[in-house]
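Student: The sequence and its predicted three-dimensional model are supplied below.
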Amino acid sequence: MTSLEEIEHLFLTRGHAQYAGEPVTQLQHALQTAQLAEAEGADDELVTAALLHDFGHLVQDLGETPTLRGVDDLHQYIALPFLRGLFSERVLGAIQGHVDAKRYLCATRPGYQAALSADSQRSLALQGGVFDAAQAAAFIARPGAEAAVALRLWDDAAKAADAVTPPLAHYLDRARRCALSAP
C-alpha cells in the first residue's frame, strides 16, 4: 500500500513527464481531471479517483508513448495494488473501470470514438476495442459503472495545455478525507 506522501512524491518527481501524445504532463492531466470532477460536484471519493485514474502510468516506466510500440500498459490494473488499503473499493473501481468505460462509450455514444485523441484511439485497440452490444450492457450493469463513465468523460476533457487548476495539495486534502483508516 502506498501512502499519500508517496503519491505526492510520485506526482512531484514523475508527474512532469509528458502525457502520451497529449499537450499536457501527467500531473496537469491528473489535476485537470480532478478539477472537472470537482466542478460537477463529485464527492471526495470520485475526485480522488479522478486524480489517481492514471496513477499506474507513474508507478511504471515504459518510456514515451507505449501505444506507438503496440504496448497496453494495463495502467488501470497496475495502480490497484498501490492504492488498495488506502482507498475504498469505490475509488479503486472507478480507476479500474475507466478503460472499459471508454470501450462502452465508443459502443453507445455516436461520435465518441471519432473524437478520441490519436493515443486514445491506439490504446482502445490495444485494450480490446469497442464493446459489442452484450459487452456494453454487461459493463453498464456492473456496480460503479456510472462512476467509471463519469470519470472517463472527465479524463477525455482533461488535456488542455493552458488550463489553470488548484494545486496538487488541494486534491491530496480531498484524498486524505476519504482515505481509509490505518489498520
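Tutor: Ah, there it is.
Student: mind checking which helix or strand of this protein has the lowest mean pLDDT?
Tutor: Ranked by mean pLDDT, DSSP states H and E, the weakest helix or strand in the chain is helix 75-78, scoring a mean of 77.
Student: Pull out the buried residues from that helix.
Tutor: Using 16 or more other Cβ atoms under 10 Å as the test for burial, helix 75-78 gives H75, Q76. Using the backbone N, CA and C atoms, a C-beta is placed for each residue, glycine as well.
Student: and it, how far from the chain's centre?
Tutor: Centre-to-centre, helix 75-78 and its host chain are 9 Å apart (Cα atoms, centre = their mean, to the nearest Å).
Student: again with stretch 2-10
Tutor: 17 Å.
Student: neighbouring contacts of it?
Tutor: L52, F55, L58, V59, F82, L83, L86, L168, L172, A175, R176, A179 (Cβ atoms under 8 Å, 6 or more residues apart in numbering).
Student: Next: stretch 12-26.
Tutor: Contacts of stretch 12-26 (Cβ under 8 Å, 6+ apart): 11, 27-30, 32, 54, 57-58, 64-67, 117-119, 158-161, 163, 168.
Student: Compute the first-to-last residue distance for that stretch.
Tutor: 10 Å (Cα to Cα, to the nearest Å).
Student: Tell me if I'm right that Y112 and A101 touch.
Tutor: No. Proximity of Y112 to A101 does not meet the contact threshold set by Cβ atoms under 8 Å, at 10.6 Å.
Student: Which of these two has more residues huddled nearby?
Tutor: Between Y112 and A101, counted using other Cβ atoms under 10 Å, the more crowded position is A101 (25 against 17).
Student: did I read that right, the more buried one in a helix?
Tutor: Yes. A101 forms part of a helix when assessed by DSSP: H, G, I helix; E, B strand; the rest coil.
Student: Can you flag the buried ones in the contacts of stretch 12-26?
Tutor: 11, 27-30, 32, 54, 57-58, 65-67, 119, 158-159, 168.
Student: Show me where this structure dips below the pLDDT cut-off.
Tutor: By pLDDT under 70, the low-scoring segments of the chain are 62-74, 181-183.
Student: And the residue nearest the centre of it?
Tutor: Computing the C-alpha centroid of the chain and ranking residues by Cα atoms, centre = their mean puts H53 first, at 2.5 Å.
Student: Identify the residues contacting that residue.
Tutor: Applying Cβ under 8 Å, 6+ apart to H53 gives the contacts A30, T33, Q76, A94, I95, H98, L151, D155.
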